[in-house]
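Q: need a 3D model of the following:
(one chain, ligands or ions: 1)
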Amino acid sequence: MELSLTANPATPADQWTIRRVLEWTTGYLGEHGSESPRLEAEILLAHARGCPRIQLYTQFDEVLNEQVRGRMRELVTRRAHLEPVAYLVGHREFFSLDFEVTRDVLIPRPETEMLVMESLELLKDKSSPNVLDLGTGSGCIAIAIAVHAKNTNVSATDLSEAALAVAKRNATAHEVADRVTFRQGDLFAPLSTDDIFDVIVSNPPYVATDDQSDLAPDVRQHEPHEALFSGGDGLDHIRRIVDGAPQHLKSGGTLLIEFSPEQAERIVDLVEQSGEFEPPKVLSDTSRQPRAVRAKRIT
Ligand SMILES: C[S@@+](CC[C@H](N)C(=O)[O-])C[C@H]1O[C@@H](n2cnc3c(N)ncnc32)[C@H](O)[C@@H]1O
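A: The predicted structure is shown next:
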């Protein structure tokens, strides 16, 4: 199908108003594999016009100028080639906060919000707790915790310098840069033996390289592979986190790790076999899928 936002209108009824562009784009993206084509059409058009999404509804009959149509044409073409919307517009909401995202970071997922909620629950009665976020990416977990637990200091590590640059800008934008320390390196490697935490939280890479072909094409083709893959069975990072966490957790401190639903049993086994934690609890996401483990270090 031709991307026809270019056509010159024959009559005023054919003019490219906001309403008509949204309807046309919704149909086009729907035919190109989008699961939420109307929402995506609105986000892309708001971005092309540089306006809040809500404004589209108050100006439905406004005719778009050629410049906006040109920008929209490019965005829609790229989306039809499966570039994620968050990369096209440069940001994504997580825990009701707006985060800058670039191709250097994983796009924050709604299921990861559970790690923030659990962390806040664990932190609520502590006077000035310390939290560690392993594999911080955009910084979404670390920053959401710092925003909502004002007395908390957060350390966040990532292998990727480029990801940390994005995370630092997000921390500044959310005015928590003084309480979130970013360190580049492999999991616990940037820490000293004195760095001990009340909570260690992580959404690590956990996709099995053996299962690459099961990933949605937009994820596989566009999101950073070092944020996704973790060895043949997907557990390389999680094994090392379970192994390394006790040295950096206070006695009675808690480890929280996100995983993929089919990994739940193997992760419970890993935690139990370490002998360092009380019996772990598996947490389910809003789709009732097992999604994270919570393990308290034995006191
Ligand atoms: C699944 S992403 C999670 C990003 C972010 N925390 C979130 O929830 O959206 C995993 C992150 O771990 C980082 N990473 C991968 N291997 C790592 C390692 N060995 N040490 C530290 N970070 C690592 C990746 O660069 C990526 O940013």
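
Q: list the buried ones in stretch 261-275?
A: Of the residues in stretch 261-275, 263-264, 267-268, 270-271, 274 count as buried by neighbour count, 16 or more other CB atoms under 10 Å. Placement of C-beta: from N, CA and C, glycine included.

Q: what segments of this structure are helices?
A: For the chain, applying DSSP state H gives helices covering 18-31, 37-49, 53-58, 66-80, 85-89, 113-123, 140-148, 161-173, 217-222, 236-244, 264-274.

Q: that older thread, nearest to the ligand, of the buried residues of stretch 261-275?
A: Q263 (13.5 Å; CB to the nearest ligand atom).

Q: near the ligand, which residues of the stretch 101-250 of the chain show up?
A: Residues of the stretch 101-250 of the chain lying near the ligand by CB under 6 Å from any ligand atom: 105-106, 108, 112, 135-138, 140-141, 157-160, 163, 186-187, 203-205, 226-227.

Q: thought L164 was touching F182, still the case?
A: Yes. Here F182 reaches L164: they are 4.9 Å apart, a contact under CB atoms under 8 Å.

Q: who touches both of the two?
A: 136, 158 (CB atoms under 8 Å, 6 or more residues apart in numbering).

Q: residue ranges with poor pLDDT in this structure?
A: Scanning the chain with the threshold set as pLDDT under 70 gives 1-13.

Q: let me see the residues that make contact with the longest strand seen in it.
A: Scanning the chain for the strand with the most residues, using DSSP state E, yields strand 249-258. By CB under 8 Å, 6+ apart, the residues outside strand 249-258 that reach it are 111-112, 114-115, 118-119, 122, 196-204, 206, 238, 241-242, 245, 267, 271, 277, 291-299.

Q: how far off helix 140-148 does that strand point, in degrees?
A: 120 degrees (axes from the mean of the first three to the mean of the last three CA atoms, to 10 degrees).

Q: buried ones in strand 249-258?
A: Counting neighbours by 16+ other CB under 10 Å, the buried set in strand 249-258 is 249, 253-258.

Q: please parse this protein into its domains.
A: As assigned by automatic domain parsing, the chain contains the domains 12-81, 95-296.

Q: mind listing what the residue nearest in space to the middle of the chain touches?
A: Nearest to the mean C-alpha position of the chain, counting by CA atoms, centre = their mean, stands P108 at 0.9 Å. Listed by CB under 8 Å, 6+ apart, the contact set of P108 reads 92, 94, 99, 101, 137-138, 140.

Q: ok, it to R49 distance?
A: As defined by CB to CB, to the nearest Å, P108 lies at a distance of 25 Å from R49.

Q: ditto for R291
A: 36 Å.

Q: same check on D104?
A: From D104 to R49 the distance is 27 Å (CB to CB).

Q: can you check P204 too?
A: On the measure of CB to CB, P204 and R49 end up 38 Å apart.

Q: cool, and V76?
A: In terms of CB to CB, V76 sits 14 Å off from R49.

Q: please apply the same query to E265.
A: Distance from E265 to R49, by CB to CB: 49 Å.

Q: same thing with D236?
A: 44 Å.

Q: export the buried residues of strand 249-258 to CSV and append columns for distance to K150.
A: Converted to CSV, the buried residues of strand 249-258 look like this (distance: CB to CB, whole Å):
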residue, distance to K150
L249, 23
G253, 20
T254, 20
L255, 23
L256, 20
I257, 25
E258, 24
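
Q: which single one of those is nearest to the ligand?
A: E258 (7.2 Å).

Q: what's the closest non-adjacent residue to the closest one?
A: Nearest residue to E258, sequence neighbours excluded (CB to CB, 6 or more residues apart in numbering): N203, at 4.2 Å.

Q: which residues touch the one you found?
A: With contact taken as CB under 8 Å, 6+ apart, N203 is in contact with 112, 115, 135, 137, 141, 257-258.

Q: show the buried residues in those.
A: 112, 115, 135, 137, 141, 257-258.

Q: run a quick neighbour tally on G244.
A: If you count neighbours by other CB atoms under 10 Å, G244 ends up with 17.

Q: residues contacting it?
A: Residues counted as contacts of G244 (CB under 8 Å, 6+ apart) are 187-188.
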